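In: test case, fold it:
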Amino acid sequence: MKCFPYLAGSGASLLLAACTSTHPPLATVQAVDLDRYYGTWYEIARLPNRFQAQCVSDTQATYRPDGKAVAVLNQCRTANGKLEQAHGVAKVVAGSQGAKLRVSFFRPFYGDYWILELDPDYRWVLVGEPSRKYAWILARSPRFDEPTLEALLTRAAALGFDRQAFIRTPQPRPAR
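Out: Numbers count the residues shown, from 1 in each chain. Model (predicted):
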């Protein structure tokens, strides 16, 4: 693709990003049964990000059906022990069989939430997005075994995520 230094219009940044991307396309799982995915997931590890900078422990997400959308409740504990919450909505990307969602906590802005690896029994999941800037390892339990975590970090690295940048999320007092 030939790229020009002076691109105009709202599509310019998207085109420019496509020109400079060094990552191959990001593959997701084939399909996700949202009825099985609904419920509470505990954050085991994540790539650091600005919108979770205040979160020091007990981070979890709860998903539930909301008409044709998915209601999202994220919560975490801050350094002073306060439990913070953020309510959002997710929409399934057409044709993705539930493996790709667009999530918003500040409408009208949406971000990608792609399911990259999923345990057949829905006990753990690796979530990320195409730029590889954001990723999470979530589990149904706040306790997680080290071999599975290591395998998921290795998988994330194979997909182009920075394995060394992942931080673990303490779960000493998970909210319910």
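
In: which other residues reach whichever strand or helix holds Val89?
Out: Applying DSSP states H and E as the criterion places Val89 in strand 83-92. Outside strand 83-92, the residues within contact range by Cβ atoms under 8 Å, 6 or more residues apart in numbering are 34, 54-55, 58, 63, 66, 68-78, 98, 100-105, 107, 110, 113, 175. For every residue, glycine as well, the C-beta is placed using N, CA and C.

In: list the buried ones in that strand?
Out: 88-90, 92 (16 or more other Cβ atoms under 10 Å).

In: ok, it: who's next to it in the sheet?
Out: Here strand 83-92 has these sheet partners by DSSP bridges: strand 69-77 (antiparallel), strand 100-106 (antiparallel).

In: contacting residues around the shortest one?
Out: Translated: strand 100-106. Strand 100-106 is contacted from outside by 28, 51, 70, 72, 74, 86-93, 110-115, using Cβ under 8 Å, 6+ apart.

In: beyond the top helix by length along the chain, next helix or strand please.
Out: Within the chain, and with DSSP state H defining each element, the longest helix by residue count is helix 146-158. Downstream of helix 146-158, the next assigned helix or strand under DSSP H and E is strand 167-168.

In: can you list the helices and strands that that following strand packs against?
Out: strand 39-46 (3 or more Cβ pairs under 8 Å, 6 or more residues apart in numbering; DSSP states H and E).

In: can you report how many residues neighbour Trp124?
Out: Neighbourhood size, Trp124 [other Cβ atoms under 10 Å]: 22.

In: wait, isn't it in contact with Arg143?
Out: No. Look at Trp124 against Arg143 with Cβ atoms under 8 Å: they stay out of range, at 11.6 Å.

In: what does stretch 118-129 contact?
Out: In contact with stretch 118-129 (Cβ under 8 Å, 6+ apart) are residues 26, 29, 32-33, 36-37, 41, 44, 111-117, 134-141, 144, 148, 152, 155-156, 159, 161.

In: what about 7 Å?
Out: Residues external to stretch 118-129 that are found in contact with it (Cβ atoms under 7 Å, 6 or more residues apart in numbering): 26, 29, 32, 36-37, 41, 111-117, 134-140, 148, 152, 155-156, 159, 161.

In: identify the residue spatially nearest to Ala71, adjacent ones excluded.
Out: Among residues not flanking Ala71 along the chain, Arg64 sits closest, at 5.0 Å (Cβ to Cβ, 6 or more residues apart in numbering).

In: equivalent analysis for Asp58, please.
Out: Closest to Asp58 by Cβ to Cβ, 6+ apart is Arg77, at 4.1 Å.

In: let me see the contact set for that neighbour.
Out: 56-58, 83, 173.

In: out of the residues you listed, which is nearest to Ala165?
Out: Val56 (17.3 Å; Cβ to Cβ).
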